[in-house]
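S.K.: based on what follows, work out the 3D shape:
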Amino acid sequence: MSARNCRLEKSARNGQHEKSARSGQAGTSLRKPSAIFAIIGRPVSHSLSPQMHNAAFKMSGIDAIYVRLASETSCGAVETLRSMGAKGFNVTSPYKEEMLKLVESIDSEAGSIGAVNTV
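M.R.: Have a look, this model is predicted:
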């Protein structure tokens, strides 16, 4: 898949989506949260971002979930997030530089650094 095929339609900032469902109390059904956010990269299993963001969502009463999305390609991650309707995502290695080619616009800081951290 070329970068053009998975081009993002949102702007990127230097400096955030995986499908999941949140379970409630024992005996309740799973449901999809109102908003999905993620961290993408390879590897991402070490990231503490989900714990930090999910705690903040809970404390703030925000119906959202933040998850890890490991993908073999940046395009694969973008397509997965798009299909899930993710609202935003963070980018970690090795995709920070590749993401510059996938977003429609970047802010001056991301452009000068040559990497994207938040979409």
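S.K.: so the residue nearest the centre of the chain, which of the three states?
M.R.: Central residue of the chain (Cα atoms, centre = their mean): residue 89, 2.3 Å from the mean position. Counting by DSSP: H, G, I helix; E, B strand; the rest coil, the backbone at residue 89 sits in strand.
S.K.: residues touching it, list them.
M.R.: Listed by Cβ atoms under 8 Å, 6 or more residues apart in numbering, the contact partners of residue 89 are 16, 17, 37, 38, 39, 40, 69, 77, 81, 118, 119. C-beta: built from backbone N, CA, C; applies to glycine.
S.K.: and residue 45, that's in a helix?
M.R.: No. Per three-state DSSP, residue 45 lies outside any helix segment and is coil.
S.K.: surely it and residue 68 touch.
M.R.: Yes. Using Cβ atoms under 8 Å, residue 45 makes contact with residue 68 at a distance of 6.7 Å.
S.K.: out of these two, which sits in the busier spot?
M.R.: Neighbour totals were compared for residue 45 and residue 68, and residue 68 leads with 18 against 8 (other Cβ atoms under 10 Å).
S.K.: can you pull the contacts of the more buried one?
M.R.: With Cβ under 8 Å, 6+ apart, residue 68 has these contacts: 18, 38, 39, 44, 45, 47, 49, 50.
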